[in-house]
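Asks: 3D model of this:
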Amino acid sequence: MKTNDALDDIDRHILRILSIYEGLNPVELWYELGECDPPLERVTQQEVAGRLESLQEIGLVERVPKAGEDVQWVVRGE
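Replies: Okay, the predicted model is just below:
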């Protein structure tokens, strides 16, 4: 399990992007990660989904159900 101090650059970018957009589905988040500056290493959609699950386990993000849409992810407490 990761601690806040052990978050890598991708996890930090995920948290930053989610806090800016106040919720995205995994595909939207994956697109945004591809637009980061400086560019990140290549991240797959499956890796994004796994990282979201990991961040949820440590209480940093949560799923928010949306009617008629995919589940969105948000930074916990926002």
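Asks: Identify the residues contacting the residue most central in space within the chain.
Replies: Residue closest to the mean C-alpha point of the chain, counted by CA atoms, centre = their mean, is Ile14 at 3.8 Å. By CB atoms under 8 Å, 6 or more residues apart in numbering, Ile14 lies in contact with Leu29, Leu33, Val48, Arg51, Leu52, Leu55, Val61. The way it works is simple: take the backbone N, C-alpha and C, and place the C-beta from them, glycine included.
Asks: now it: how far from Glu32?
Replies: The spacing between Ile14 and Glu32, counted by CB to CB, to the nearest Å, is 9 Å.
Asks: and the residue in the chain sticking out farthest from the centre, which of the three is it?
Replies: Going by CA atoms, centre = their mean, the residue of the chain most distant from its centre is Gly68, 20.8 Å out. Under DSSP: H, G, I helix; E, B strand; the rest coil, Gly68 falls in the coil class.
Asks: In the chain, mark out all the strands, start to finish.
Replies: Using DSSP state E, the strands of the chain run over 61-64, 72-75.
Asks: Contacts made by stretch 71-78 with the rest, please.
Replies: 15, 18-19, 22-26, 29, 52, 56, 59-66.
Asks: that older thread, from the contacts of Ile14, which is closest to Leu7?
Replies: Closest approach between the contacts of Ile14 and Leu7, by CB to CB: Leu55, at 8.3 Å.
Asks: Now do the same contact list for the nearest residue to the closest one once chain neighbours are set aside.
Replies: Distances taken as CB to CB, 6 or more residues apart in numbering place Val61 nearest to Leu55, at 4.5 Å, with adjacent residues excluded. Residues in contact with Val61, defined by CB under 8 Å, 6+ apart, are Ile14, Leu15, Leu18, Leu52, Leu55, Trp73, Val74, Val75, Arg76.
Asks: same thing but 10 Å
Replies: Going by CB atoms under 10 Å, 6 or more residues apart in numbering, Val61 touches 11, 14-15, 18-19, 23, 51-55, 73-78.
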